[in-house]
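Trainee: after the sequence you'll find the predicted model.
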Amino acid sequence: MFDFIVVGAGSAGCVLANRLSENPQHKVLLLEAGPNDKHPMVHMPGGAAEVLKSNKMNWQMYTVPQKALDNRRLYVPRGKLLGGSSSLNGMVYIRGHRWDYDHWQELGNDGWSYADVLPYFKRSEDNERGASLYHGAGGGLKVSNAPCEHILFDKFIEAGLELGYQPTDDFNGAEQEGFARYQATLRNGKRCSSAAAFLGPEVRARLNLTIIPGAHVTKLILSGNRVTGVEYKQGRKLRQAGAKQEVVLAAGAIKSPHILQTSGIGRREDLERAGIKRLKELPGVGHNLQEHLDILVNFTCTKPITMNAAATRLHLQAKTAFEYFVLGKGIAACNLIEAGGFVKSAPEMAIPDIQLHFIPILMHGLIDPIPKQHGVSVHACNLRPQSRGTVLPANADPLASPLVDYDFLDNEADWKVMERCYEIVRDIAQAKAWDGLIGEPSRPSAHLTDKERIREFLRKVCETVYHPVGTCKMGNDEQAVVDHELRVRGLEGLRVADASIMPTLIGGNTNAPSIMIGEKCADMMLGRRLPPEKL
């Protein structure tokens, strides 16, 4: 029997376990389906691709065929280890636009405006730039300036400015729009996952905190309308744990709704179709799924200065390993996604709706073999798509993967934004600022200008940037799963605290916002509140 049970040791779950167990009177259980985070590639910033290939540390799910994308099944990697997806992500530190959170407040979610959430971003943060109106110092999450000084990062930013886009000195400061270097959740050559940030040795040693890896939660235990504990599978054994006060689902936008559904909580039709006995009607569970649809465009490089050789040639791989493990430096100490931009798809847009990531390596996918040819990759994604998808149970087996359907590009507005994503990348690659370093297009094989050819290319190559949200949305309408204090509607003793509670997708990477959600949920559970920031 515990006071609090946290399900999922991901971006939000690690924060919750830390904050709830700060009081030695609180007995806290943290359950994680995957292993611990001791694998060396987890902590090496350049080792993310290896972690992604692991079945033990990655759920490795796929969507159902996407109708608008040539019926392709898209990759849905999700972290399955201490740190969750923060242990295998690209480490880009972005909070989203202040409009996103003010919009949440306008939707009826009191206490979630930008002024309300900024103190929680700052509390979690230890920014290399020091404390300021927009940043915190002394928190667990190490945030650093981009460590790699590769010339192509600077050329990318110069190309953006040449095309008329503005510079910005801080994507998380007063102005998000523009081109700049990203900050990253790493320090001294090591990834700072949520586990590294909030479950350090002193926290893991707390006598009132029990952390159980390899514990796959199979269902919530209900007594009437109250959640009293959880059932989980550890090895071949089914075990149960009770909660005197509350259970918090922090298993992410795919697994949190799935746990609710396999526990009999969700939309009647969804549960009946899967053969699950309905215990609580909650129609929004697993619906409202949103994700950043992305296009990856490749170009050749006219000089051998990209990372392709280091990633594909044995003697250079050995050199990289020596530099990192012996000297603690080199390209393996970098996350390599160190320049980007936030731009508008049309001048009349009030805020940026497209995000760019630049990588000085030619690559087609995170788990695809890297070509030997020198080149670069540019990502561009639609930050606020109108499409809405679902996460539904395939059957009654809680260990089976759910059915993930983003239903991408089901409307013309999203198509137009994706067309602009391609056009912007195409134009950036042809800027004079590159000084001839960028050569011919590699994927696609030519600069496309015809609308139909652009759409054909989009259908063949669009993927996501792995930011699913929204499947246990916060709000007060009939589709809302949690209220503004993240309590599951119609049930007692249960909250959800992860990216699934976002009513709308934020304009940027989702790791930092998920950590903020964990911080804020812990305070609400403990009856505390940080005062809003005076902006």
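Mentor: Thanks, I have the structure now. Numbering: from 1, shown residues only.

Trainee: and Leu458, which helix or strand is it part of?
Mentor: For Leu458, the host element (DSSP states H and E) is helix 451-461.

Trainee: next SSE after that helix?
Mentor: strand 463-464.

Trainee: ok, that following strand: who's next to it in the sheet?
Mentor: On the basis of DSSP bridges, the sheet neighbours of strand 463-464 come out as strand 293-301 (antiparallel).

Trainee: can you give me the mean pLDDT across the helix or strand following the partner strand?
Mentor: The helix or strand immediately downstream of strand 293-301 is helix 308-312, counting by DSSP H and E. Averaged across helix 308-312, pLDDT comes to 73.

Trainee: again with stretch 349-357
Mentor: 98.

Trainee: in the helix holding Leu458, what counts as buried?
Mentor: Of all the residues in helix 451-461, those buried under the rule 16 or more other Cβ atoms under 10 Å are 454-455, 457-459, 461. Any C-beta I mention is one placed from the backbone N, CA and C, and that applies to glycine too.

Trainee: do stretch 232-248 as well
Mentor: 232-233, 241, 243, 246-248.

Trainee: from those residues, which two are the most distant?
Mentor: Lys233 and Glu246 (22.0 Å; Cβ to Cβ).

Trainee: helices along the stretch 351-500 of the chain, start to end?
Mentor: 412-429, 451-461 (DSSP state H, counting those that start in this stretch).

Trainee: show me what the shortest one packs onto, helices and strands only.
Mentor: Yep, that's helix 451-461 we're talking about. strand 293-301, helix 412-429 (3 or more Cβ pairs under 8 Å, 6 or more residues apart in numbering; DSSP states H and E).

Trainee: ok, the nearest residue to Met307 once chain neighbours are set aside - contacts?
Mentor: The spatial neighbour of Met307 that comes closest, neighbours along the chain excluded (Cβ to Cβ, 6 or more residues apart in numbering), is Ile361 at 4.0 Å. Contacts for Ile361 (Cβ atoms under 8 Å, 6 or more residues apart in numbering) come out as 306-308, 311, 336, 370, 375-377.

Trainee: for Asn509, same thing?
Mentor: Each residue near Asn509 by Cβ under 8 Å, 6+ apart is listed here: 89-90, 92-94, 465, 467.

Trainee: ok so, going back, got CSV for the contacts of Ile361, with neighbour count and distance to Gly252 too?
Mentor: Rendered in CSV, the data for those read as follows (neighbours: other Cβ atoms under 10 Å; distance: Cβ to Cβ, whole Å):
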residue, neighbour count, distance to Gly252
Thr306, 22, 33
Met307, 25, 30
Asn308, 22, 32
Ala311, 21, 29
Leu336, 25, 24
Ile370, 16, 28
Gly375, 24, 33
Val376, 28, 31
Ser377, 22, 26
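
Trainee: helix or strand, whichever it is, which one in the chain has the lowest mean pLDDT?
Mentor: helix 308-312 (a mean of 73; mean pLDDT, DSSP states H and E).

Trainee: so what secondary structure elements neighbour the helix or strand just after that one?
Mentor: Toward the C-terminus, helix 308-312 is succeeded by helix 314-325 as the next helix or strand (DSSP H and E). Counting contacts by 3+ Cβ pairs under 8 Å, 6+ apart, helix 314-325 packs against helix 308-312.

Trainee: what helices or strands is the helix it packs on leaning on?
Mentor: helix 314-325.

Trainee: ok, Ala346 touching Arg420?
Mentor: Yes. The pair Ala346 / Arg420 is scored as a contact, 7.4 Å apart, by Cβ atoms under 8 Å.

Trainee: between the two, which is the more surrounded one?
Mentor: Taking other Cβ atoms under 10 Å, Ala346 and Arg420 do not tie; Arg420 has more neighbours (19 against 9).

Trainee: pull the contacting residues for that one.
Mentor: 345-346, 354.

Trainee: turn these into JSON lines, columns for distance to Asp435.
Mentor: Converted to JSON lines, these look like this (distance: Cβ to Cβ, whole Å):
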{"residue": "Ser345", "distance to Asp435": "28"}
{"residue": "Ala346", "distance to Asp435": "30"}
{"residue": "Ile354", "distance to Asp435": "25"}
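
Trainee: okay, now Phe322: neighbour count?
Mentor: 12.
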